[in-house]
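Novice: got a sequence here, can you model it:
(chains A, B, C, D, E and F)
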6 protein chains.
Amino acid sequence: MYVGELLKSLDRVSTGVPGLDDLIGGGFIPGRVYLIIGPPGSGKTTFGIQFLVEGAKNDEKGLFISLLEHPKIITQDMLRYNFGLLTHLKSKRILFYDMGESIFGAGRRFTWSEIFENILRIIEAEGVKRVVIDSFTSLEYSVLDPEHKRMALGRFIRKLHERGITCLIVAEMMSSENYTEDYYLTDGVIVLHHFMKNYQMIRALQVLKMHGVAHDSNLKKLRFTEEGIRVYPEAPF
Amino acid sequence: MYVGELLKSLDRVSTGVPGLDDLIGGGFIPGRVYLIIGPPGSGKTTFGIQFLVEGAKNDEKGLFISLLEHPKIITQDMLRYNFGLLTHLKSKRILFYDMGESIFGAGRRFTWSEIFENILRIIEAEGVKRVVIDSFTSLEYSVLDPEHKRMALGRFIRKLHERGITCLIVAEMMSSENYTEDYYLTDGVIVLHHFMKNYQMIRALQVLKMHGVAHDSNLKKLRFTEEGIRVYPEAPF
Amino acid sequence: MYVGELLKSLDRVSTGVPGLDDLIGGGFIPGRVYLIIGPPGSGKTTFGIQFLVEGAKNDEKGLFISLLEHPKIITQDMLRYNFGLLTHLKSKRILFYDMGESIFGAGRRFTWSEIFENILRIIEAEGVKRVVIDSFTSLEYSVLDPEHKRMALGRFIRKLHERGITCLIVAEMMSSENYTEDYYLTDGVIVLHHFMKNYQMIRALQVLKMHGVAHDSNLKKLRFTEEGIRVYPEAPF
Amino acid sequence: MYVGELLKSLDRVSTGVPGLDDLIGGGFIPGRVYLIIGPPGSGKTTFGIQFLVEGAKNDEKGLFISLLEHPKIITQDMLRYNFGLLTHLKSKRILFYDMGESIFGAGRRFTWSEIFENILRIIEAEGVKRVVIDSFTSLEYSVLDPEHKRMALGRFIRKLHERGITCLIVAEMMSSENYTEDYYLTDGVIVLHHFMKNYQMIRALQVLKMHGVAHDSNLKKLRFTEEGIRVYPEAPF
Amino acid sequence: MYVGELLKSLDRVSTGVPGLDDLIGGGFIPGRVYLIIGPPGSGKTTFGIQFLVEGAKNDEKGLFISLLEHPKIITQDMLRYNFGLLTHLKSKRILFYDMGESIFGAGRRFTWSEIFENILRIIEAEGVKRVVIDSFTSLEYSVLDPEHKRMALGRFIRKLHERGITCLIVAEMMSSENYTEDYYLTDGVIVLHHFMKNYQMIRALQVLKMHGVAHDSNLKKLRFTEEGIRVYPEAPF
Amino acid sequence: MYVGELLKSLDRVSTGVPGLDDLIGGGFIPGRVYLIIGPPGSGKTTFGIQFLVEGAKNDEKGLFISLLEHPKIITQDMLRYNFGLLTHLKSKRILFYDMGESIFGAGRRFTWSEIFENILRIIEAEGVKRVVIDSFTSLEYSVLDPEHKRMALGRFIRKLHERGITCLIVAEMMSSENYTEDYYLTDGVIVLHHFMKNYQMIRALQVLKMHGVAHDSNLKKLRFTEEGIRVYPEAPF
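Specialist: Residues are numbered from 1 along each chain as shown, chains lettered A, B, ... in the order given. Next up, the predicted model:
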C-alpha cells in the first residue's frame, strides 16, 4: 500500500446536501459506498440527485440507476427544485439508466452477479465517478438468488472501492426495529428520518455510521427547500 | 423530453376532497398513481368516489374498479352524501367495473400481468382519465403469482404514467407497524387514520409522501360531512 | 338500478341490542353483512341471539348457525336473560342449525364453497331473513382450503346481499394488533371490547365501521343486564 | 328439550376454591368444561386437586389425568395443604390416571381421537363426575395430528356435555399476548395470574369468561394458604 | 405409596447458595428437578457449582455435565471464589462429564433418548446424588429429534424422580417474553435476572415456581461475592 | 490439571482500549474468546484493531480476519487514529487475512468446519497469539451448514482455548431484543452500545458478561478519541 493510497481517506467529495459536509469531515470519502435509508417521502431520491448534481458541477460524470421510477418522472418531480438538473442531463454529466425497464421487462429474473456486472459495465463504459442506485430494495425483490445478497454485495462494494467510484445505495426502511446487513456492509449510513413524535411529524438526517471520520450521530434538522434537502446543525425539535 | 412534458408537473387535478388540494399544491399531478391507505371504516372508498365525482363534474370520465363490494352496494352507501353520484352514473361519466365478480367467479386465479392488462384494456376502451382500484389488497389475495407484485406493479404504474391516467390505489392497512412496497412504488401516499388516543377515536388525513410538491406531512383533521369526507388545516385533536 | 332499490339503504332493522340502534342511524341496513368481533366472554353469542329474538318479535324468521356449541348449551346459557328465547324456539321463528355436529362429525373437511352453499340452501329452504354464524373463526379452522377465504367470503357476502339476508358473522379476536380481512369485506364492524385498563376490566361496544351511515366510532359503555347486553351512549370509564 | 334439562343451568357444583363460588353464581355449572390457565407456579394443579377434593367430600368420584407429573409427585407436593387428599385417594373417590406414562412411554404418537376416546372410556368405566386434565398443553405436544385440535376438542367437549361430566382443562400460558382457541371452545375461562407490576409479583384469579352467569371479570386477590388457593373479593393490589 | 415416601417432601437439601434455602422452606426437595434460567453472565454456572460443592461438603457425590465449556475452563473461572472446588474435584466428590466433547466431536447427532440414557448410565455408575446439566439449551441444539423434547424430558424427569437424583437444568434465556415448556415440566424454576432498569443493571434471583412449598416469588437481591452468588431477603433496588 | 494451568486465570492481557482493563480485573484472560457486539458504527472494528495494536506493542503477533472490508479500506479508515497501525503492519506484527476475498470469490460455500480449520491453520502457521474475526455474522451468512453453528463454534472455541489464543469475535447486533447463542458460548461479552435516549444518541460500553472476574455490568461512557475508542468509569449520561 502506498502512502498516496492511504492518504485517500483524507480526500473528500461534497455530498451536495447543504449542511451535511460539515457533519462528516468535509464530505464523502471518494471511492466509498454509502447507504441512504429512510421511509417513504423522506427525501432519498432528492438526496441522490443532489449528490449527482454536485458532481456534475465539478465536471464529474454521474449515473442514476433507477429501479423504481421512470427517469422522466424523476425529472418532472425535481423541477420543483432550483438545482438545475435539466442542464446537467442535457450536457450528459448526469446519466439516467432505467434499470427498472430492463429488469421488469425482461421476462425473467437475474442473479445478483448478473445485475452487478451489468452495473459495473455501464460505469466503466461511461466513465462515471458517482453512482446512485435507487432503490436497492427494489433490486432485492427482483433477483433470482436473494440468499446471495451479502456475498454479492460484499464483492460489488469491493469492486467499487477498487475503481474509486463513490456510490449511494438508496434503501427503503421497512421497519425501524432492526438493522439489516446493508448497514454493516457499507462504509457509512445516513438515515433520513420522518416520524411522529407527540403526533407531530419530524424530519431529520442522522449520520448513523461514517467510517474513517469523527462525526456526530445525533438527529439533525432536515428541511425541503427550493434547493433540495438541507441539513441544519441543530436538533430537529 | 420536451419542456411541455416536463411542465406537466405543474398541472394539477382536483382531488375532490374539500381541503385536500390546498395541502398538496393544488391537487394531484395528472398521470400519477397515489396510494390511499387506511384501516376499516376510515373513508377510503368515499375518497375514491369523491375523486371520480370531481372528474365527472369536469367532464373527465372515471372508472371505479371494485374488488370488494358490488357496485350497487357502493351506490347505496353513497346515497347518504350529496355529491350526486347517481347523476354521473347515469351520464356514464363514472363507470363501475365489478372486477370482484369476474375474479371471484372465474373458477381460477389470474396472474398480475393478466389482471393489469385487463385493466389497461378497459381504460383504453372507455377513454377514462381517472381510475380507482378498491381494493388493491383484495387483488393481492387473488393473484396466482403474489411474488411478482413489485415487478408487476412497477410496470403497471409506468404504463399509467405513459397514458396520463391518474389513479388511486386503495389499500387496507393490516398493521400500522411497517411500510409495504406500495408506499415506495407510488407517487404519493395519503393515509386515512382512524385510531384510539386516550381511548378516544381520532380521524385524520395525512399526506405521508407526495412527490414533486412541498407539503406538510402532519395529521390533519378529517370529518365525514354530507358532502363526503373533508379535510381541515388543523390538527385532529 | 331502480330508485326503490337504492332507497333500501334508508331502511333499517333493529339490532335487538338496546341502545345500539341509536348509534347507527336506526339499526342495521337490511340485506347487509356485519362482523361482530370480540375476545372470549365479551357477549358475542348473546348479541347474536338478541339479534334473532328481535327479528322473531317482528315475525322475521332467524337462523343461528352454531359451530362452537351445541344448541342445547346455548339455550341453557341464555336462560339467565328475560328475552324469551324459548318461546321463539318453540314457535320456530328461531332455528338452530348445529353445523358443528355435521362438520366435526363428518370425517372429512369441506371447502369454503361447500359450506357456503350449504348455508345458502338452508336459508332458502327455511325462508329466514336473519342469520348468525357463530363462530366464523371456527369455520376457518375446519375448511379444506383456507387460502380461498377472501374469495369465497366475498362471493358469499354478495349472495347474501342479493337475497336480502341480514347476517352477523361472529369472529374471535385472536390478537388486538392487526385487522384481518373480515374487517374489510363486511359492511360494518362492531367490536365488543373486554380489556384491562389500569388493572380494571372494561366492557365496551365500538362501531368501528358502518357503511352508509354517519356514526360515532368511540367506545360506548356495555353492560350485561337481565335483558342481555345493552349499550349506553357514554364512554365506558 | 325438557324444562328439566334447561333448568340444569341453575344447578351449581362447588369449585372447591374458597371464595370462588361466590364470584360465579354459586359454582361451576355441572356438565360443563372450564379452562384453567396460568403461567408456571400460578396454582393450576392445586386448583385442579381442590376441585376433585370438593367433589370427593360430596361423594362425587373424580379423575385426575396427569400428563406432566407422576401422581406420586403431585401427592407429595399436595401434602403441604390440609385438604386431606390422601384420605380421598385411599377411599378411591379421587383417582389418578398417569396418562403421561402411557403416552410418553408408548413409543408412538396418538391422534386426538384416540386420546379423547381413551379418556371417555375411563370416565365411563369409573363413573367419575369430575375430571381434571393437567396439562392440556402437554397433550398438544404429544398428538400425531395437532392440526385437528379445534375439531377434536369441540367434539370432546360435546361428549362431556352429554355425559354431564364437569371438566377442568389446565393449560400453560405461553404468552400473555394472544387468546388461543381453548378460550373460545370452553364454557368458562379462569386465569390464574402471576405477574410483575412495579417489580412486585402479583397473584390474582380472573374469571375472564363464564357462560350462563353474570360475573365480575376483574382481577381478584389470590393467596396460597394451608387449605390450598383461596380467592378474595378485593383487587390484588 | 408409603407414608415414608410421602414424607420425603418434607426433606430438604441445601442449595449451596447462601440466603436461598430460607426462601424455599429449607432447600430443594431431594429427588426433584429444577430449572435455573438466566441471561448470559447471570451466574447460572456458578449456581450449579455451588450446588455441587454443597453436596460434596456433605459427602454427596455430584456430577457436572458440561455442554458448553471444557471442565478446565470452568475450574479456572471458579478459582475466583473461595468455596474450594479444587478439593472436591481431587476427592472426586465432584465429577465433570465433558459431554460437549463427546457430542460435538461425535460426527453425528444423537436422539434425546440416547442422550438421556447416557446421562442416566453415568449417574448410576458413579452413584451421584446431585446433577447439573449446563446448558440444557446446548443439548436442544445438538439433538437429532428436537420435536420430541417435551416427551423425552418428561420421561427423563420421571426417571430422576424415581432414582432420587436432585438435578439442576441450566437454561439460557433467549427472550424474556415467553415461557418455554421447561418452566412447566420442572418442579421449580429459579430465574437469575440481569436486566436494565433506568439504565442501571440489576441482578436478582427469583423463585418463580417451587412445587410443594410456600414461597415468595418476588425478586431478591443477588450479589457475586468471594463465596459465589448470594441472595438477600430484600428487593434488588 | 496442574496448578500452573489453573493459575492462568490470574494472568491478564491488556485489551488495548484505554479504561477497559480496569473494568475487568486487568484485561482479558489469555486464551479466551470474547464477543464484541454492537450496532453499525459503534466501534467494533476499531476495538479489534486496538486489541491487535496492543499485542503488537508487546511483540505478540496478531491476526485480523476480515470478512467485510478489504484490509486496505480498514487501514485507510484507521489513519484517523494515532495508534500507529501502519508501523505494525510493516513489521508484520499485525497480519490481515482477507477471508472475505477467499470466501466471496470462491464460487462455492464452505462448511463451518472447513472455515474454522482454515483459520486454525493460519493461526498455527503464523504463530499469532491474538485473533480478531470481523465479522462473525458475515461468516454465518456464508456457510453451507448454518444449522451446525453451535456445535462448530463450541468446538472451535475449545481449540482456541487449548492453543492459548485470545480471540475477539465481532458480531453485528441485528436486534436488541434477544440473546443469541454467541452470548452463551463465549467467555465474555462486551456490548458497544449506540442508541437513542430522549432523542439523543448515546455511546457506551457494557461488560455484559466476563467469566472468572468480578465486574460491573453497567453502561460506561465511550468516546471516539484520536487514540481510538476509550472507556470512562462513569455512566454515559
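Novice: please count neighbours and contacts with C-alpha atoms only from this point.
Specialist: Noted.
Novice: which non-adjacent residue is nearest A:Gly41?
Specialist: Leaving aside its chain neighbours, A:Gly41 sits nearest to B:Lys209 (4.3 Å; criterion: Cα to Cα, 6 or more residues apart in numbering or on different chains).
Novice: so for the host helix or strand of that neighbour, mean pLDDT?
Specialist: Secondary structure from DSSP states H and E places B:Lys209 in strand B:200-210. Strand B:200-210 shows a mean pLDDT of 97.
Novice: ok, the residue nearest to A:Gly41 to E:Leu85 distance?
Specialist: Distance of B:Lys209 to E:Leu85, computed by Cα to Cα, to the nearest Å: 66 Å.
Novice: what is the residue lying closest to A:Leu219 once chain neighbours are set aside paired to in the beta sheet?
Specialist: Spatially, and ignoring its direct neighbours in sequence, A:Leu219 is nearest to A:Gln206 (4.7 Å; Cα to Cα, 6+ apart). Under DSSP bridges, the beta-bridge partners of A:Gln206 are A:Val191, A:Leu219.
Novice: most distant residue from the centre of chain A?
Specialist: When each C-alpha in chain A is compared with the mean C-alpha position (Cα atoms, centre = their mean), A:Asn198 comes out farthest, at 30.3 Å.
Novice: distance across stretch A:90-108, terminal residue to terminal residue?
Specialist: Rule used - Cα to Cα; the end-to-end distance of stretch A:90-108 is 33 Å.
Novice: pLDDT weak spots in chain A?
Specialist: For chain A, the stretches flagged by pLDDT under 70 are A:1-9, A:176-177.
Novice: can you pull out the helices in it?
Specialist: Ranges of helices in chain A, per DSSP state H, are A:3-7, A:44-57, A:71-78, A:85-90, A:99-104, A:112-126, A:136-142, A:149-163, A:181-185.
Novice: kindly provide the distance from the most centrally placed residue in chain A to A:Ser102.
Specialist: For chain A, the residue nearest the mean C-alpha position is A:Leu168 (2.4 Å; Cα atoms, centre = their mean). Taking Cα to Cα as the measure, A:Leu168 falls 21 Å from A:Ser102.
Novice: ok, A:Val143 next?
Specialist: From A:Val143 across to A:Ser102, the span is 13 Å (Cα to Cα).
Novice: neighbour count for those two, which is higher?
Specialist: A:Val143 (20 against 11; other Cα atoms under 10 Å in any protein chain shown).
Novice: about what we covered before: can you list the residues that contact the strand holding B:Lys209?
Specialist: Applying Cα atoms under 8 Å, 6 or more residues apart in numbering or on different chains, the external contacts of strand B:200-210 come out as A:40-42, B:23-24, B:42, B:187-196, B:215-223, B:231, B:236-237, C:217-219.
Novice: buried ones among those?
Specialist: Among the contacts of strand B:200-210, the ones that count as buried by 16 or more other Cα atoms under 10 Å in any protein chain shown are A:40-42, B:23-24, B:42, B:187-195, B:215-223, B:231, B:236, C:217-219.
Novice: quote the end-to-end distance of stretch A:18-34.
Specialist: End-to-end distance of stretch A:18-34 (Cα to Cα): 17 Å.
Novice: anything in it near chain F?
Specialist: No. In terms of Cα under 8 Å from any Cα of the partner chain, no part of stretch A:18-34 sits within range of chain F; the closest distance is 9.0 Å.
Novice: tell me which residues in that stretch are buried?
Specialist: A:19-21, A:23-34.
Novice: just stretch A:113-125 next, same as before
Specialist: In stretch A:113-125, counting by 16+ other Cα under 10 Å, buried: A:113, A:115-116, A:119-120, A:123.
Novice: which bits of chain A sit near chain B?
Specialist: Within chain A, the positions near chain B by Cα under 8 Å from any Cα are A:39-42, A:68-70, A:72, A:75-80, A:101, A:104-105, A:138, A:141-142, A:172-175, A:199-201, A:224.
Novice: who's in contact with A:Ile165?
Specialist: Neighbour list for A:Ile165: A:30-32, A:128-131 [criterion: Cα under 8 Å, 6+ apart].
Novice: relative to chain E, which of those is nearest.
Specialist: Nearest to chain E among those is A:Arg32, at 36.2 Å by Cα to the nearest Cα.
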